[in-house]
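Colleague: Below are the sequence and a predicted model; questions follow.
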Amino acid sequence: KALDERLCEVRIQFRETPAASQLFPGRVLPKNELVMRLQPDPAIFLTTNIKTPGFESAPMPVSVGMDYNSISNDNPDAYTRLILDVLRGRQASFVRSDELERSWEIFTPLLHKIERENVRPEMYEYGSDGPEQRTAFMTKMGMLGTHSAL
């Protein structure tokens, strides 16, 4: 909340291809990445490195994807779909009672630990890109500066 952009997506960055150093010696390649964006503008993209077409032996990043807005203007928002599911008697979007009970069994010990150890959220300035620790963590994990332009 209160970040510099409204974005909800899952990014899966793949390990380096074992043969990449042999195919492209002396070059550092961006990671291959699968992006599933939920909002804004739902989409799915795969970015991967290929050999440049022709006689040159240089890598070239390529993105292949699908943007839901490009295939349909008749895409209702999430709440509209949920209400329609209720009216149609479809329960797939809703949690069963046994699933809810199991969730509490998993998360209750975690919540007790957070309360017991007085864990507090990291503060950050309104409209920023999040806490400073986030940047340090992403750098440590090799994820900062690797996002593909979608």
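Modeller: Cool, got the structure.
Colleague: where in this structure is pLDDT low?
Modeller: Low-confidence segments of the chain, defined by pLDDT under 70: 1-4, 72-73, 75, 144-150.
Colleague: can you give me the strands in it?
Modeller: Taking DSSP state E to define them, one finds strands in the chain at 8-13, 33-39, 43-51, 59-67.
Colleague: do you know which of the ones you listed lies nearest Tyr126?
Modeller: strand 8-13 (18.8 Å; CB to CB). Quick note: C-beta positions are derived from backbone N, CA and C, even for glycine.
Colleague: burial count for Val35?
Modeller: 19 (other CB atoms under 10 Å).
Colleague: Name the nearest residue to it, ignoring sequence neighbours.
Modeller: Phe45 (4.7 Å; CB to CB, 6 or more residues apart in numbering).
Colleague: still on that earlier bit, output the strands of the chain in a markdown table, with distance to Arg27 appended to each entry.
Modeller: What follows is the strands of the chain, written out as a markdown table (distance: least, CB to CB, whole Å):
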| stretch | distance to Arg27 |
| --- | --- |
| strand 8-13 | 18 |
| strand 33-39 | 17 |
| strand 43-51 | 10 |
| strand 59-67 | 6 |
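Colleague: Looking at these, which is nearest to Thr108?
Modeller: It's strand 8-13; of the strands of the chain, that one is closest to Thr108 (CB to CB) at 26.1 Å.
Colleague: Count the residues that sit near Tyr68.
Modeller: Other residues near Tyr68 come to 12 when the count uses other CB under 10 Å.
Colleague: Any idea what Ser63 is bridged to?
Modeller: Thr47 (DSSP bridges).
Colleague: Assess the claim that it and Ile44 are in contact.
Modeller: No. Contact criterion CB atoms under 8 Å: Ser63 and Ile44 do not qualify, at 10.8 Å.
Colleague: How about the contacts made by Lys113?
Modeller: Val119 (CB atoms under 8 Å, 6 or more residues apart in numbering).
Colleague: I'd like the distance between it and Gln13.
Modeller: 29 Å (CB to CB, to the nearest Å).
Colleague: before we move on, back to that, and the residue nearest to Val35, how many neighbours does it have?
Modeller: The burial count assigned to Phe45 is 19, neighbours taken as other CB under 10 Å.
Colleague: neighbour-wise, which of Ser63 and Ile44 wins?
Modeller: The neighbour comparison of Ser63 against Ile44 (other CB under 10 Å) goes to Ile44, with 16 against 13.
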